[in-house]
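Next one to model:
(4 chains)
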Number of protein chains: 2
Amino acid sequence: MVAAAAKVFAARGYHGASTQDIADVLRIRQASLYYYFESKEAALEAVCADGVEDYAVRALAIQRGPGSAADKVAQLVVQHLAPMRERLDFTLAFLRERRFLPDPARKRIRAIERRYERIIERVIGKGIASGEFRADLDARMATLALLGLGNSAALWYGREPGATHERIVESYVDLLLRAFRDVGAPPRAWAH
Amino acid sequence: MVAAAAKVFAARGYHGASTQDIADVLRIRQASLYYYFESKEAALEAVCADGVEDYAVRALAIQRGPGSAADKVAQLVVQHLAPMRERLDFTLAFLRERRFLPDPARKRIRAIERRYERIIERVIGKGIASGEFRADLDARMATLALLGLGNSAALWYGREPGATHERIVESYVDLLLRAFRDVGAPPRAWAH
DNA sequence: AGCTTTACCTATAGTACTATAGACAACGGA
DNA sequence: TCCGTTGTCTATAGTACTATAGGTAAAGCT
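Numbers count the residues shown, from 1 in each chain, chains lettered A, B, ... in the order given. Alright, predicted model coming up:
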């Protein structure tokens, strides 16, 4: 139901997808969709909510769980990428189409997102405070980097030869931890 | 002209934008647009082409120019982010709407992109070969990381308090070079 | 058996959007 | 002065899309 909407929205974009397209996937008539959704916008909200809801919950568990900051960052990356494996349509629809939600719905979704971001920011912040990560690391920029990097994978996930789920996770964790950790020697200056 | 189309496509998405919307920005009638563009799709191609064309050219200059691999990566990041400053609409429209191009146009645009990606990949590859970057760095994944990170900035560029252009560039170069460089001690193992 | 709910259906009102046809006014050059 | 070009206009054909109204058949409940 919602999965069909996610599939169609991911493939053609919210405005590019018609309610007919969704109905076709479900093999019902276009008008029958309105038995399940109040409107096309409501369908989009259902998809986006499904696409984002779990992130904050699982991130909170990681934040509160045991492990070093590095461990937690690794776990955050793992859980962030996990939905791409089986629910890529939801991820893509959420990332690309949430901006077309009507204002109140967008605010609801955005609130969940912000909660998620703040958890990541706090984990990174703790890593900085404990000396595990570089003192000159900016927690906000690091958070945006983690999310940006993670989300960008959705754009080519499954279409990049050789990039298995495991390899993606491993590289991302590796890249981010190297970028975050305090290893003494900073890279030398670079030219503008 | 093309800038107006870019603005509207960036703001509302290709399918969400009507030719009327573009005409409104230009303060002409909807039908008058067809004096400049053969179709709405042609307008999108013009925007996307404008959004991507220069990347490959400038990247090639950097690749062929002087400097260490690290210098070149830094320069690549600088030039990748440069268009966001003044032409964010083109960047956003290109990133998000190019997939709605009709097939032949999408292939043309994709060819330019691929050329660009390969240049980056080669610069990173040389850095690995020369020992400047880690031997276990995967040039393809590193390229995708650089692009993913760079492109993700477009999504919040100008709306993230405190993130000036200079600070973004600096953090990104810093993060990527730390992630790429060979610094001896790798981060310790992390738990799945 | 009789009523209610569920999960559809057909038909269509109403709107919005792309693209074409053809007119026109201003201007620049021959 | 006449003509072609440029940039715009009005009007509209043709299509597609969302959402509503109201019907129906089967299944479940009492």
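
What strand or helix carries the residue most central in space within chain A?
A centroid search over chain A (CA atoms, centre = their mean) returns A:Asn151, at 5.2 Å, as the residue closest to the centre. Using DSSP states H and E, A:Asn151 sits in helix A:139-156.

Please point out which parts of that helix sit buried.
Residues A:139-155 are the ones in helix A:139-156 that count as buried (16 or more other CB atoms under 10 Å in any protein chain shown). The way it works is simple: take the backbone N, C-alpha and C, and place the C-beta from them, glycine included.

repeat for stretch A:153-172
Buried residues in stretch A:153-172 (16+ other CB under 10 Å): A:Ala153, A:Ala154, A:Leu155, A:Tyr157, A:Ala163, A:Ile168, A:Val169, A:Glu170, A:Ser171, A:Tyr172.

how far away is the residue nearest to the third one when sequence neighbours are not counted from A:Tyr14?
Of all residues not flanking A:Leu155 in the chain, B:Gly148 sits nearest, at 7.5 Å (CB to CB, 6 or more residues apart in numbering or on different chains). Taking CB to CB, to the nearest Å as the criterion, B:Gly148 is separated from A:Tyr14 by 23 Å.

my read: A:Lys40 touches A:Gln20, true?
No - contact between A:Lys40 and A:Gln20 fails when scored by CB atoms under 8 Å: they sit 10.8 Å apart.

burial of the closest residue to A:Phe37 other than its chain neighbours, as a residue count?
The shortest distance from A:Phe37 to any non-neighbouring residue, by CB to CB, 6+ apart, is to A:Ala43 (4.3 Å). By the criterion of other CB atoms under 10 Å in any protein chain shown, A:Ala43 has 25 neighbours.

contacting residues for A:Ala43?
Contact analysis of A:Ala43 by CB atoms under 8 Å, 6 or more residues apart in numbering or on different chains lists A:Val2, A:Ala5, A:Phe9, A:Thr19, A:Ile22, A:Leu33, A:Tyr36, A:Phe37.

Equivalent analysis for A:Ala23, please.
A:Arg29, A:Gln30, A:Ser32, A:Leu33.

where does the second one sit relative to A:Glu38, distance-wise?
This points to A:Gln30. 15 Å.

out of these two, which sits in the more crowded spot?
Neighbour count, other CB under 10 Å: between A:Gln30 and A:Glu38, A:Gln30 has more, with 13 against 10.

What are the contacting residues of the helix or strand harbouring A:Val78?
A:Val78 belongs to helix A:69-86 when elements are defined using DSSP H and E. The contact list for helix A:69-86 (CB under 8 Å, 6+ apart) reads A:51, A:54-55, A:58-59, A:62-63, A:65, A:67, A:90-91, A:120, A:123-124, A:126-127, A:130, A:132-133, A:146-147, A:150, A:153-154, A:157, A:165, A:168-169, A:172-173, A:176-177, A:180-181, B:187-188, B:190-192.

Can you flag the buried ones in these?
Looks like the contacts of helix A:69-86 have A:51, A:55, A:58-59, A:62-63, A:90-91, A:120, A:123-124, A:126-127, A:132-133, A:146-147, A:150, A:153-154, A:157, A:168-169, A:172-173, A:176-177, A:180-181, B:187, B:190 buried, using 16+ other CB under 10 Å.

What sits closest to A:Arg167 if chain neighbours are left out?
Looking at A:Arg167 with CB to CB, 6+ apart, the closest residue is B:Met141, at 7.5 Å.

One more: A:Phe100?
A:Tyr14 (4.6 Å).

Would you agree the one you found is in contact with A:Val47?
No - counting by CB under 8 Å, A:Tyr14 stays clear of A:Val47, with 9.1 Å between them.

so what sits against both of these two?
When contacts are counted by CB under 8 Å, 6+ apart, A:Tyr14 and A:Val47 have A:Ala93, A:Glu97 as shared neighbours.

Which one of the two is surrounded by more residues?
Set A:Tyr14 next to A:Val47 and count neighbours by other CB under 10 Å: A:Val47 wins out with 28 against 25.

and the gap between that one and B:Arg140?
Distance from A:Val47 to B:Arg140, by CB to CB: 31 Å.

swap in A:Pro66?
Applying CB to CB to A:Pro66 and B:Arg140 gives a distance of 35 Å.

what does A:Gly16 give?
Distance of A:Gly16 to B:Arg140, given as CB to CB: 30 Å.

just to revisit the earlier point, does the residue nearest to the centre of chain A touch A:Leu95 like I think?
Yes - A:Asn151 lies in contact with A:Leu95 (CB under 8 Å); the separation is 5.7 Å.

Would you mind giving the orientation angle of the helix holding A:Val78 with respect to helix A:139-156?
Counting by axes from the mean of the first three to the mean of the last three CA atoms, to 10 degrees, helix A:69-86 lies at 20 degrees to helix A:139-156.

Just the buried positions in helix A:69-86, please.
Quick answer for helix A:69-86 (16+ other CB under 10 Å): A:69-84.

one step back: which of the contacts of A:Ala23 tops the neighbour count?
The residue in those with the most neighbours, by other CB under 10 Å, is A:Leu33 (20 neighbours).

and A:Glu117, what does it touch?
With contacts defined as CB under 8 Å, 6+ apart, A:Glu117 is in contact with A:Thr143, A:Leu147.

Which helix or strand contains it?
According to DSSP H and E, A:Glu117 maps onto helix A:103-129.
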